[in-house]
Structure formats: C-alpha cells, structure tokens
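**Student:** below: sequence and its predicted model.
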Amino acid sequence: MSLVRKHRSPLLGLGLSLSLFAGGASSLFASGAHAENVRAHYRVSLIGLPIGAADATSSIDEKHYRVDLSVKLTGVASLISNLRMALASTGAIEGGAPTPMTYATTASNSRETRTLRMALASGTVRQVQYSPFWEEDKDPDHVPLTDAHRRGILDPLSAFLMPVPENANPVGPSACRAHVPVYDGYTRFDVSLRFVEVKEVKEKGYSGPVTVCAARYFPIAGHKTTAKGTQFMAQNEQMDVWLAPVSRTHVVVPYRVSLMTQVGAIVVEASELRVTP
C-alpha cells in the first residue's frame with residue numbers, strides 16, 4: 001500500500017484529527033495581547049503495546065494562532081515502517097473562532113515522501129498543491145468532492161481550536177462540540193463530540209479534571225462507499241476524547257484519545273502537558 005493511500009485512510013485521518021482536534025480549544029483565547037504556548041508529548045499504543053510518539057505545540061493570542069504536530073513510529077513498529085509525519089496550521093481568530101489560512105503536511109518513509117499545502121480564506125479552500133501530483137479517484141464507488149465540500153471547513157489542526165463561550169465552564173458539556181466540519185485535502189468528513197463525564201487525572205505538567213467526550217466520525221466526500229475502513233469507522237461507537245482545560249484561559253487541550261480500529265484499540269495519551277506565556 002502506498003504512503004499516500006495510508007495518509008488518506010479514514011483511520012489515520014481520524015486518529016490525527018481526534019488527537020489534535022480533540023485537543024482543541026475553547027475560547028482559545030486568553031484575554032490580553034500575549035500568547036499562550038502549549039506543549040504536549042503523547043505516547044501512542046496499539047492493544048497496549050507502544051508503537052509511536054507525537055509532539056504538539058501551539059501558540060495562540062487574541063488575533064492569530066499556529067499549531068504544529070509531529071508523529072513518528074517507535075519501538076517494534078519502527079522496524080516495520082519508519083513512517084513520520086509533520087503537520088502545521090496557521091490562521092486568524094475572527095469572532096472568537098479559528099479561521100485557517102494555511103495548512104501543510106509531510107509524510108515520509110524509506111520509499112517516498114508526500115507533501116500537501118493548502119491555502120484558505122474565510123473558511124474556503126482557495127488552492128491545494130500536492131507533491132507528487134495526486135488526482136481524485138474516478139471509481140464509481142468514490143464520492144466526488146465538490147466546491148461546496150471545500151467551503152465552511154476547518155483543516156485537521158485548526159479543528160482542534162474549538163471555541164467555548166467565555167461564560168461557559170471549560171470542564172463539562174460545553175467542552176464537547178457537536179459538529180466539526182473537516183477537510184484534509186483528500187476527504188471531507190465531520191466529527192462530533194458528546195459529553196460523557198468528568199474525570200480527575202494527574203500527569204507531568206497537569207493535574208486536575210478532564211472532560212470525557214464520546215466521538216463519532218461521519219464521512220461526507222472523497223471516500224469510497226465500499227471501503228471497509230471507512231465503513232468500520234463510520235459505524236464505530238468506541239471512540240472517546242479527554243479534554244484538559246488550560247488555566248486562566250478558556251482553552252482545552254487533548255489529554256487522551258482512544259479509538260477501536262480493525263486491528264485493535266489505539267490510545268494516544270499525554271505524558272506531559274505544559275503551558276507557558
């Protein structure tokens with residue numbers, strides 16, 4: 001299977017989107033002109049076995065934001081594939097909500113490197129560049145993407161910055177956003193979160209309550225209706241996200257993401273969370 005097909009799979013796309021998107025936010029946006037910088041290190045495991053690591057950083061002020069994520073396989077998994085991914089997103093804060101301007105991804109292994117660059121304005125995709133060139137699937141089972149699917153969307157990293165009203169509690173139901181429209185350059189899908197409960201956790205850099213949200217994945221376009229992976233994820237009810245609030249702000253960041261896959265349960269969990277001005 002080629003690297004680009006792996007990168008486009010709903011499993012990988014959803015896993016990244018949840019682990020970041022979940023990480024997303026709330027009213028992002030600390031009062032005042034200074035930026036809040038969040039750094040997080042995550043361990044990735046499959047059926048309890050360590051398979052990877054991810055590092056996320058974000059900088060947010062009242063007008064702009066930037067989010068970066070790097071992912072790599074580790075341990076035994078790295079002997080099978082040395083897949084590495086880097087993602088970056090920038091945008092503006094308009095009306096208390098993220099408005100993406102740029103999004104870029106690079107995925108590489110020992111055989112190939114694939115890059116994607118996307119430019120956006122007012123929630124609409126203006127241009128997408130692929131290297132090597134990629135052409136949309138013409139298979140009859142493929143749900144074609146239209147211009148409408150590229151409007152009113154968030155890229156996978158901007159999707160993490162989900163506004164929560166300033167007068168709402170960042171711990172509890174307000175942290176779970178019901179509808180997030182996402183376009184990753186290949187597929188268009190929605191992610192929804194539903195409040196489940198509040199838990200107490202303790203980890204390096206953070207100790208306190210987290211909001212547990214059940215998550216669902218809804219494919220919209222760019223996928224094959226007959227693809228087993230897409231069908232599995234669309235019916236999957238074993239996905240959840242734990243969101244931790246950032247002190248003195250209305251921002252929540254992902255603490256833990258878990259989802260059942262066709263090969264077992266994947267868990268992405270923070271081993272360190274730190275916030276600095």
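**Tutor:** Ah, there it is. Residues are numbered from 1 along each chain as shown.

**Student:** got the CA coordinates for stretch 210-220 in CSV?
**Tutor:** Extracted C-alpha coordinates of stretch 210-220, given in CSV (Å, rounded to 0.1, in the frame of the first residue of the first chain):
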residue,chain,number,x,y,z
VAL,A,210,-10.7,16.4,32.2
THR,A,211,-13.9,16.2,30.2
VAL,A,212,-14.6,12.9,28.6
CYS,A,213,-16.4,13.2,25.2
ALA,A,214,-17.7,10.3,23.1
ALA,A,215,-16.7,10.9,19.4
ARG,A,216,-18.2,9.9,16.1
TYR,A,217,-16.9,10.0,12.5
PHE,A,218,-19.1,10.9,9.6
PRO,A,219,-17.6,10.6,6.0
ILE,A,220,-19.0,13.2,3.6
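
**Student:** mean confidence for it?
**Tutor:** Per-residue pLDDT over stretch 210-220 has a mean of 95.

**Student:** read off the pLDDT value for Arg248.
**Tutor:** Arg248 is given a pLDDT of 60.

**Student:** same question for the one 3 residues further on.
**Tutor:** The predicted local confidence for Val251 comes out at a pLDDT of 69.

**Student:** again, but for Asn82
**Tutor:** pLDDT recorded at Asn82 is 82.

**Student:** do the same with Gly48
**Tutor:** 91.

**Student:** same check, this time on Gly13
**Tutor:** For Gly13, pLDDT reads 45.

**Student:** remind me which residues of the protein are low pLDDT?
**Tutor:** Across the chain, the ranges flagged by pLDDT under 70 are 1-35, 79, 162-164, 246-251, 277.

**Student:** mind listing the helices for it?
**Tutor:** Taking DSSP state H, the helices of the chain run over residues 3-8, 10-16, 75-80, 228-235.

**Student:** can you give me the strands for the stretch 1-150 of the chain?
**Tutor:** Using DSSP state E, counting those that start in this stretch, the strands found in the stretch 1-150 of the chain span residues 36-46, 49-60, 64-73, 84-94, 97-108, 113-121, 124-131.

**Student:** ok, the shortest one: who's next to it in the sheet?
**Tutor:** Here strand 124-131 has these sheet partners by DSSP bridges: strand 113-121 (antiparallel).

**Student:** got the buried residues for the strand it pairs with?
**Tutor:** Neighbour-count burial for strand 113-121 flags 114, 116-118, 120 (criterion: 16 or more other CB atoms under 10 Å). Every residue, glycine included, has its C-beta placed from N, CA and C.
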